[in-house]
Each structure stands twice: as C-alpha cells, then as structure tokens.
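>>> Return atomic coordinates for the entry below.
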Amino acid sequence: MSADEAARRRWRTRRRISEALLAVWFGVTFGVAYFARELNGHFLGWPFSFWVAAQGAPIMYLVLVVLYARLMGRLDDASGVVQDD
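Numbering: from 1, shown residues only. Modelled structure (predicted):
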C-alpha cells in the first residue's frame, strides 16, 4: 500500500468517526429540545427535561470529546503517526 493510499484511508476513517460523533452531538443537542415536552416526568423535584438539558447534555459532550480523543489516538498509533508535544 502506498503512502498516499494509507493517508487517504486514514483520512476517510477520521471523517467517518467525526461524522458519527457529530450525529450523536446533533441528536443530543436538538433531540432533547425537540422532545422536551414528552419528557415530562420529575427528577429530584425538577422537570426531567430541565435535568437532561442541565446535566445530561454537558456530560454527553464531555463523553464525546474523550471518545474522539481516544479514537484519534488509537488511529494514530495504529498508523504510526507521531506527534510531538
């Protein structure tokens, strides 16, 4: 496999990972807001939709960032890409 082909494959993999994580981000951001009325339970005295927006979404964003960093690190390790800090 040539270096150009390996770079293209790595780029396609990076793009797919980014697209998948952006789709999850979109679902978390707009899905909760769209379905907020249907999430009408109560949790610790607050409406459940408020709790999800105030606590769940930022936690999901943090999980997405950590997942992205780990996946990209593994991809770099597997392809032998070295980054100087």
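>>> What is the burial count for Ser49?
Using other C-beta atoms under 10 Å, Ser49 has 19 neighbouring residues. (C-beta placed from N, C-alpha, C; glycine too.)
>>> element containing it, please.
helix 48-51 (DSSP states H and E).
>>> Which other helices and strands does that helix contact?
If contacts are counted by 3 or more C-beta pairs under 8 Å, 6 or more residues apart in numbering; DSSP states H and E, helix 48-51 sits against no helix or strand.
>>> Can you show me the CA trace of stretch 37-51 as CSV?
What follows is stretch 37-51, C-alpha atoms only, in CSV (Å, rounded to 0.1, in the frame of the first residue of the first chain):
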residue,chain,number,x,y,z
ARG,A,37,-42.4,18.2,26.3
GLU,A,38,-42.7,14.4,26.1
LEU,A,39,-40.0,14.1,28.9
ASN,A,40,-42.5,15.5,31.4
GLY,A,41,-41.5,13.4,34.5
HIS,A,42,-40.0,14.8,37.6
PHE,A,43,-36.5,14.1,38.9
LEU,A,44,-35.4,15.4,42.3
GLY,A,45,-38.3,17.9,42.3
TRP,A,46,-37.3,19.3,38.8
PRO,A,47,-38.9,18.6,35.5
PHE,A,48,-37.0,15.8,33.8
SER,A,49,-36.4,17.7,30.6
PHE,A,50,-34.7,20.5,32.6
TRP,A,51,-32.5,17.9,34.3
